[in-house]
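In: structure for this input, please:
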Amino acid sequence: MFWSKNVKTSLKGMELAEQCRVEAEALYRSGKFHCAEAVLAVVRRYFRPDLPEGVLQSVSGFGSGSGSGCICGAVSGGTVGLGLVLGEDKKLVSHLTRELHAWFKERYGVTCCKTIRQTHKGACPLLTGEVAGKIAEMLSRK
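Out: Numbers count the residues shown, from 1 in each chain. Sure thing, here's the model as predicted:
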């Protein structure tokens, strides 16, 4: 079962995506969560509340491009979130991960944290929220 990019997200799904966007951005801005943690925290809250809060520790090393400046932590956190929600369907997780990367590259030009921080100074809180919203939108498709 593959979800098409052309499938419309319901109004409820759009509202949830906006809620996730706002919450992830706020978590990042609080200083208590970095990008990957903030994205995964909202995915867990709305899509896998059965998982222990400790699951957030699984992405604690992904902030600032996994410490090396490579892949954006928000994208990494979103990818983990997709796997936690849809993990039994590896083809779907792979498909949605590619969609997430393509969407992010279209918005920011690259997925490299170091480059984004140079070309889009101060964007991390916003893009963290946007990634969380995108993940919620993808997971809300029917």
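In: please make it C-alpha for all contacts and neighbour counts, starting now.
Out: OK.
In: for the chain, which segments count as helices?
Out: With DSSP state H as the definition, the chain shows helices at residue ranges 11-30, 35-47, 63-64, 73-86, 90-108, 113-119, 124-140.
In: out of those, which is closest to G54?
Out: Relative to G54, the nearest member of those by C-alpha to C-alpha is helix 35-47, separated by 10.1 Å.
In: buried sites along the closest one?
Out: Across helix 35-47, burial judged by 16 or more other C-alpha atoms under 10 Å covers C35, A36, E37, A38, V39, L40, A41, V42, V43, R44, F47.
In: how about the helices of the chain in TSV, adding mean pLDDT and distance to V55?
Out: Shown next, in TSV, are the helices of the chain (pLDDT from 0 to 100; distance: least, C-alpha to C-alpha, whole Å):
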stretch	mean pLDDT	distance to V55
helix 11-30	90	16
helix 35-47	96	9
helix 63-64	74	15
helix 73-86	95	10
helix 90-108	96	18
helix 113-119	87	23
helix 124-140	95	16
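In: how many neighbours does the residue nearest to T79 when sequence neighbours are not counted have?
Out: When the adjacent residues along the chain are set aside, T79 lies closest to T97, with 6.0 Å between them (C-alpha to C-alpha, 6 or more residues apart in numbering). T97 sits with 20 neighbouring residues when counted by other C-alpha atoms under 10 Å.
In: just the one 3 residues further on next, same as before
Out: Counted with other C-alpha under 10 Å, residues neighbouring L100 total 20.
In: can you pull the contacts of it?
Out: The neighbourhood of L100, defined by C-alpha atoms under 8 Å, 6 or more residues apart in numbering, consists of V75, K134, I135.
In: nearest to G87 among those residues?
Out: I135 (14.2 Å).
In: R44 and A38 touch, don't they?
Out: No. The criterion here is C-alpha atoms under 8 Å, and R44 misses it with A38 at 9.9 Å.
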